[in-house]
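*Asks:* How does the following fold in three dimensions:
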Amino acid sequence: MPPIKDALLLLLDVGPSMHSVLPEIEKACSLLVQKKMIYSKNDEVGIVLFGAEDTDNELTTEVGGYQHVVVLKKIKVVDGDILEALQQLPRGTTDADFLDAVIVGMDMLIKKFDQTNKGKKRLCLITNAQCPIKEPYEGTKEEQVTIIAKQLTAHGMKMESIIFRGKLGQDANREIMDENDHLLNIFSKETSTRLLYLENPISLFGALRTRNITLVTTFRGDLEISPKLSIKVMVYKKTAEEKFPTLKKYSDKAPTNAQYATRELKIDYEYKSSEDRDKVLSPDQRIKGYPYGPQIVPISRSEWDAVKFQPEKGVKLLGFTDSSNIFRHHYMKDVYVFLPQPGNTGAMLALSALARAMKEMDKVAILRCVWRKGQSNVSIGVLTPNLSDKENIPDSFYLNVLPFAEDVREFQFPSFSNFPASWKPNGQQLEAAANLIKTLDLAPHGQAEVLLPDFTSNPVLERFYRFLELKSKDPDVAVPPIDDTLKKITEPDADLLLQNKSVIDSFCRSFELKGQPLKKSRRLWEGKRSSTNDIIENASVKVEKIGDLTPAQDFEALISRRDSPDWVVKAINEMKNKIFDLVEDSHEGDNYPKAFECLVVLRKGCILEQEPKQFNDFLKHICNFCRENRLHSFCQYLASKDLTLISKTEAVDSDVTDEEARSFLVESEPKVE
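*Replies:* Here you go, the predicted model:
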């Protein structure tokens, strides 16, 4: 029989005060069993209900008492039977005494395992702790809880308590809850296990740890401060991305009654010569090639091993810097935690002294990290102190990997300072935005934070586990809709939006929102205008050049294209030529309105693309051209339309002041003799 890795007994409060949250408890506990069936199929789980209408446990038969405690499922290897029981929990009708449930659960673990189980023996209590605890026959409640906690420790058991409070009803008694909280704190201190208080049902998914992660060190050795000073440390991963379970290919060729058949597929690859298709190449006849320009450069394994950078294993301090010099958005990969070597008092004191000094001086350390011998890469990381507020937990450090120059992504975006003043938010708009941020804050002052990372489960993974369980029962089952609880993780809280509707409406009113109008399809007419058969639609054709029919629209289409940076230069140059043609071919100013329209869109485009000099030089050039070719009327027309140069106020790259921009066309007008 395979060894039992974990024996877990769920102690679930099903009393009347818990009815509103029982659906979430059913989902969270079901998810726990679903994950165990994937990752830890040898684990055992049992279910004990308290606050139930009936009584069904061995202690009641043997010694009496322990009323309204029901053993729903005895401790056994996880299977579909336990999963179905958790998905349909009965609703209790009486107050719940969690101490009775703890004693019944402890008795079950002792009778079943005692000294035989070398794995973990755990009790998981889920309640709101709003019901009173019965007075003991002897001593006080505190003494009774202390005795129970010591018995748990003596038998190698641990207990974690998940206390769900949420919105308290009118019947909630604060004195009773305070007393129960005091008793639960005794459990937590005596057994060194978790005590969690939850305000939101969503947090149940993250609070109920559904998968045991094996504790594996990333590095154990010296944190080298200098050649003569080092601290013994152990490094673990603090966070790592949880991925989907490995999906393998299986064969249905094995007989259904084959007990030891693995049904796994084994795939073999053969490499054959391109010249002789029947000749199989052995590994020593194959070599990797790397593209270098038009050729493929072959590099053998020995050459590759020789050219690889092979640094020596170790963690070395490079120096210290102010914490303000390290930006949060530079953190890469996973987070590591540095702990002193267990049992090493000197390492613990040295690490604690270093962490507290760095915290006091607001400093961080920069490390060079090579975790394993033969590792081909070096990591540069920032070490941040993490001071402990508990006596039995030492101070530590968190390490985040920093990017090298090649890892940083620098994207160029137009500066907002180049936009006209009318495009920038005013005081009223800024105030409306500030109110929106304040009212939709997930961590308001004096209140519990919503969607804490430690208690927020991945909805994508949770949905996968649920579907896998349904698929195991019915291979043809359809994918179910997203669960309402999971929606609350990925969608805005409807209650929060409703409470702050006035602020959201005020924000919307502060901004004039306009939809992008659909451009009318361009039509080329051939023959008579009245003949609809001669219309050719070109709406879907990309604009490649500025035409004669709609030059302004063509310019906007060209300059907005982002498939190549050359379109901006092409659009500006073609528009300049188009304006020249319109002015030169004008008869008594008939083309001036169209030329002015083109100048307006050219000016706007040069502001947006940070090319103010292009427009300013062109406007000066065309005005000089008009004076030399007796086309003074065009300059007068532009002056009447208040067209000016692009000033520094509109574009920071401009070298024209506001006064120079306003007076340019006035000075350009010729004197009348």
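*Asks:* Output stretch 6-19 as PDB, nothing but the C-alphas.
*Replies:* Extracted C-alpha coordinates of stretch 6-19, given in PDB (Å, rounded to 0.1, in the frame of the first residue of the first chain):
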ATOM      1  CA  ASP A   6      -1.500  13.800   4.000                       C
ATOM      2  CA  ALA A   7      -4.500  12.900   6.200                       C
ATOM      3  CA  LEU A   8      -6.900  15.900   6.400                       C
ATOM      4  CA  LEU A   9     -10.100  16.100   8.500                       C
ATOM      5  CA  LEU A  10     -12.500  18.900   7.500                       C
ATOM      6  CA  LEU A  11     -14.500  20.300  10.500                       C
ATOM      7  CA  LEU A  12     -17.300  22.300   8.800                       C
ATOM      8  CA  ASP A  13     -19.800  24.500  10.600                       C
ATOM      9  CA  VAL A  14     -23.300  23.900   9.100                       C
ATOM     10  CA  GLY A  15     -25.300  25.800  11.700                       C
ATOM     11  CA  PRO A  16     -28.000  28.400  10.800                       C
ATOM     12  CA  SER A  17     -25.600  31.400  10.900                       C
ATOM     13  CA  MET A  18     -23.400  29.700   8.300                       C
ATOM     14  CA  HIS A  19     -26.100  28.900   5.700                       C
END
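*Asks:* where does residue 369 fall, phi/psi-wise?
*Replies:* phi -120, psi 130 (degrees, to the nearest 10).
*Asks:* lowest average confidence, helix or strand, in the protein?
*Replies:* Here the helix or strand of the chain ranked lowest by mean pLDDT, DSSP states H and E is strand 535-537, holding a mean of 33.
*Asks:* C-terminal to it, what's the next element?
*Replies:* Sequence order places helix 551-559 as the next helix or strand after strand 535-537, per DSSP states H and E.
*Asks:* What separates the first and last residues of stretch 202-217, distance-wise?
*Replies:* Stretch 202-217 has its terminal residues 32 Å apart, counting by C-alpha to C-alpha, to the nearest Å.
*Asks:* Not counting it itself, show me its contacts.
*Replies:* Contact partners of stretch 202-217, identified using C-beta atoms under 8 Å, 6 or more residues apart in numbering, comprise 5-6, 21, 24-25, 27-29, 31-32, 35-36, 39-40, 120, 124, 126, 162, 164, 196, 198, 234-236, 451-452, 454-457, 462, 485, 488-489. Bear in mind the C-beta positions are built from the backbone N, C-alpha and C, glycine included.
*Asks:* same thing but 6 Å
*Replies:* Applying C-beta atoms under 6 Å, 6 or more residues apart in numbering, the set of residues contacting stretch 202-217 from outside is 6, 24, 28, 31-32, 35, 39, 162, 196, 198, 234, 455-457, 488.
*Asks:* closest to residue 250 among those?
*Replies:* residue 39 (18.0 Å; C-beta to C-beta).
*Asks:* Number of residues surrounding the closest one?
*Replies:* For residue 39, the tally of surrounding residues (other C-beta atoms under 10 Å) stands at 14.
*Asks:* mind checking how far it is from residue 468?
*Replies:* Look at residue 39 and residue 468: by C-beta to C-beta, to the nearest Å, they are 12 Å apart.
*Asks:* repeat for residue 343
*Replies:* 43 Å.
*Asks:* again with residue 394
*Replies:* 40 Å.
*Asks:* cool, and residue 258?
*Replies:* Residue 258 sits 24 Å away from residue 468, going by C-beta to C-beta.
*Asks:* re earlier: between residue 343 and residue 468, which is the more surrounded one?
*Replies:* Shown here are residue 343 and residue 468; by other C-beta under 10 Å, residue 468 has more neighbours (15 against 8).
*Asks:* Tell me the pLDDT of that one.
*Replies:* pLDDT, residue 468: 89.
*Asks:* With residue 490 instead?
*Replies:* 84.
*Asks:* What is the neighbour count of it?
*Replies:* Residues within reach of residue 490, counting by other C-beta under 10 Å, total 9.
*Asks:* Show the backbone phi and psi for it.
*Replies:* The phi/psi pair for residue 490 (degrees, to the nearest 10) reads phi -100, psi -10.
*Asks:* Now do the contacts for the residue lying closest to it once chain neighbours are set aside.
*Replies:* Closest residue to residue 490 apart from its sequence neighbours, by C-beta to C-beta, 6 or more residues apart in numbering: residue 459 at 5.6 Å. Counting by C-beta under 6 Å, 6+ apart, residue 459 touches 486, 489, 490.
*Asks:* Could you check the pLDDT of the first one?
*Replies:* Model confidence at residue 486, expressed as pLDDT, equals 83.
*Asks:* so how far is residue 199 from it?
*Replies:* Remark: distance between residue 486 and residue 199 (C-beta to C-beta) = 18 Å.
*Asks:* Please identify which of the two sits among more neighbours.
*Replies:* residue 486 (19 against 15).
*Asks:* Does that one lie in a helix or a strand, and which?
*Replies:* Per DSSP H and E: residue 486 is located in helix 484-490.
*Asks:* Check which helices and strands that helix sits against.
*Replies:* The elements that helix 484-490 packs onto, with contact taken as 3 or more C-beta pairs under 6 Å, 6 or more residues apart in numbering; DSSP states H and E, are helix 459-473.
*Asks:* Pull the helix it packs on out as CSV, backbone CA atoms only.
*Replies:* Provided in CSV are the C-alpha atoms of helix 459-473 (Å, rounded to 0.1, in the frame of the first residue of the first chain):
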residue,chain,number,x,y,z
PRO,A,459,-10.1,31.5,-11.8
VAL,A,460,-8.8,29.9,-15.0
LEU,A,461,-7.3,26.9,-13.0
GLU,A,462,-10.4,26.6,-10.8
ARG,A,463,-12.6,26.3,-13.9
PHE,A,464,-10.3,23.7,-15.4
TYR,A,465,-10.4,21.5,-12.3
ARG,A,466,-14.2,21.8,-12.1
PHE,A,467,-14.6,20.8,-15.8
LEU,A,468,-12.1,17.9,-15.3
GLU,A,469,-14.3,16.5,-12.5
LEU,A,470,-17.4,16.7,-14.7
LYS,A,471,-15.6,15.2,-17.6
SER,A,472,-14.6,12.2,-15.5
LYS,A,473,-18.3,11.4,-15.0
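*Asks:* which of the residues in that helix are buried?
*Replies:* 459, 462, 463, 465, 466, 469 (16 or more other C-beta atoms under 10 Å).
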